[in-house]
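Q: Please work out how this folds:
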Amino acid sequence: MSSQIILKHFNGDLKATNETFRVEDKEYYGACFTINIAHN
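A: Numbering: from 1, shown residues only. Got it, this is the predicted structure:
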């Protein structure tokens, strides 16, 4: 549903990837969500 809201109502794009990242010298692996919305 969130994808439909971003695509249809905000004319945007939603992307999800799995990525490795580090916080305070500890490594994590998880989802990374990128939301692009047009700026008028």
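
Q: Going by C-alpha atoms from here, please, whenever you check contacts or count neighbours.
A: Noted.

Q: which stretches of this structure have low pLDDT?
A: The chain contains residues with pLDDT under 70 at 40.

Q: Report the outermost residue of it with respect to its centre.
A: Largest separation from the mean C-alpha position in the chain: residue 25, at 23.4 Å (CA atoms, centre = their mean).

Q: for that one, what are its contacts?
A: Not one residue lies near residue 25 by CA atoms under 8 Å, 6 or more residues apart in numbering.

Q: Residue 3: how many residues sit nearby?
A: By other CA atoms under 10 Å, 13 other residues sit near residue 3.

Q: scratch that, residue 28 is what I was asking about
A: Neighbours around residue 28, by other CA under 10 Å: 11.

Q: One more: the one 5 residues further on?
A: Residues within reach of residue 33, counting by other CA under 10 Å, total 11.

Q: same question, residue 20
A: When counting by other CA under 10 Å, one arrives at 10 neighbours for residue 20.

Q: quick one: it and residue 26 touch, right?
A: No: here residue 20 does not reach residue 26: they are 10.5 Å apart, not a contact under CA atoms under 8 Å.

Q: shouldn't residue 29 be in contact with residue 20?
A: Yes: applying CA under 8 Å, one finds residue 29 in contact with residue 20, separated by 4.3 Å.

Q: For the residue minimising distance to the centre of the chain, give the beta-bridge partners.
A: The centre of the chain sits closest to residue 33, judged by CA atoms, centre = their mean, with a distance of 1.8 Å. With DSSP bridges applied, residue 33 shows beta-bridge pairing to residue 16.

Q: Would you map the strands across the protein?
A: 13-23, 26-36 (DSSP state E).

Q: Save those as a markdown table, and put in distance to residue 3 too.
A: Compiled in a markdown table, the strands of the chain are given as follows (distance: least, CA to CA, whole Å):
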| stretch | distance to residue 3 |
| --- | --- |
| strand 13-23 | 6 |
| strand 26-36 | 9 |
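
Q: Among these, which comes closest to residue 1?
A: strand 13-23 (11.4 Å; CA to CA).

Q: So which bits of the closest one are buried?
A: When burial is assessed from 16 or more other CA atoms under 10 Å, strand 13-23 yields the following buried residues: residue 13.
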